[in-house]
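# Sharing a model that was predicted from the sequence below.
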Amino acid sequence: MSARRAGPAWIGLVLAAGLVAGACSPTNRSTSTSSTVGKQTTLAQTKGDTCHDPVGDISLDPKAAGRLTKPAGIDIVEASSKVQGDVLAVHFTTNGPIAEVPQPLFDVQEGDPSTAPDLSFELRAQPVNPADSAGAWNVVLHTFKGGSEAKTDLAAPVTVSGNTLSYEVPLSQIPPVVSLQWQFGTSSVQPDNSVPFDDCNSFTATSTTG
C-alpha cells in the first residue's frame with residue numbers, strides 16, 4: 001500500500017477527537033482522465049466515482065500505512081457515489097458489520113474546498129443516536145461557498161444492512177457534481193477515545209467514472 005497523505009475537510013471531525021486522518025490509495029480502478037475543478041464555475045456534470053480499497057488497512061497513525069483489521073465495520077472494501085437519474089446514489093461496502101461499530105462516520109467529499117469551494121461539498125452520514133449504530137441515521141450536507149462552511153440536514157434515508165450502507169440524495173439538494181476528485185472516508189470513536197479510520201480516494205489513482 002502507498003504512503004498516506006493528508007485528507008481534506010471530513011478529517012476535521014476526526015481532528016476534534018484528537019486524530020489527523022490521512023488517505024489510502026485505491027486499487028483495481030479502470031483508467032480515466034483525472035482532473036480538478038480549478039476555479040471554473042461552469043463544468044459538465046460527471047457521473048461520480050467508484051473506489052476499491054484493500055482489506056486490513058485501518059489506521060490510527062496518519063504518517064504510516066494502515067495495518068489494522070478492526071473495527072471491520074469501517075474497513076472500506078468498496079465505496080461509490082454515482083449520478084443515477086436525478087439522484088446521487090452513495091454506497092459503502094465494508095469488511096464487517098457496520099451496526100457493530102461505535103460512533104461511526106461515513107463521509108463522501110467531492111472536489112477540493114481549498115481550490116474550488118463553490119463547487120465542492122461533503123456528505124456525512126452518522127447515527128442519529130451515536131450510541132445506536134443499528135438505529136436511524138442522518139445525512140448532513142457540508143458546503144463551502146465563498147470559503148464559509150454551511151451545514152444542511154438532508155431528508156435522505158440511510159439503509160444499513162450487514163456490511164453495506166447506502167442512501168440517495170436528490171441532485172437538486174446538492175451543488176453540481178462536476179469534479180473527478182472524490183474521497184470516501186470512515187471513522188469510529190472507540191471507548192478509549194481513539195479514532196481508527198479508513199480512506200479511499202481518487203487523488204493518487206485514476207477514477208472509475210462510468
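Arrived safely, thanks for sending.
# Select the helix or strand of the protein having the lowest average pLDDT value.
Of all helical and strand segments in the chain, the minimum by mean pLDDT, DSSP states H and E falls on strand 22-23, at a mean of 36.
# List the buried residues for stretch 133-148?
Of the residues in stretch 133-148, Ser133, Trp137, Asn138, Val139, Leu141, His142, Thr143, Phe144 count as buried by neighbour count, 16 or more other Cβ atoms under 10 Å. Quick note: C-beta positions are derived from backbone N, CA and C, even for glycine.
# meant to ask about stretch 183-200
Quick answer for stretch 183-200 (16+ other Cβ under 10 Å): 183-190, 195-200.
# same deal with stretch 53-69?
Buried, per 16+ other Cβ under 10 Å, within stretch 53-69: Asp53, Pro54, Asp57, Ile58, Ser59, Pro62, Gly66, Leu68.
# Of all these, the one with the weakest confidence?
Among the buried residues of stretch 53-69, Pro62 carries the lowest pLDDT, at 81.
# Which stretches in this protein count as strands?
5-6, 22-23, 48-52, 76-84, 87-94, 104-110, 121-127, 137-143, 150-154, 159-161, 164-170, 182-188, 197-201 (DSSP state E).
# Need the winner for burial among the ones you listed.
Highest mean neighbour count among the strands of the chain (mean count of other Cβ atoms under 10 Å): strand 197-201, with a mean of 29.
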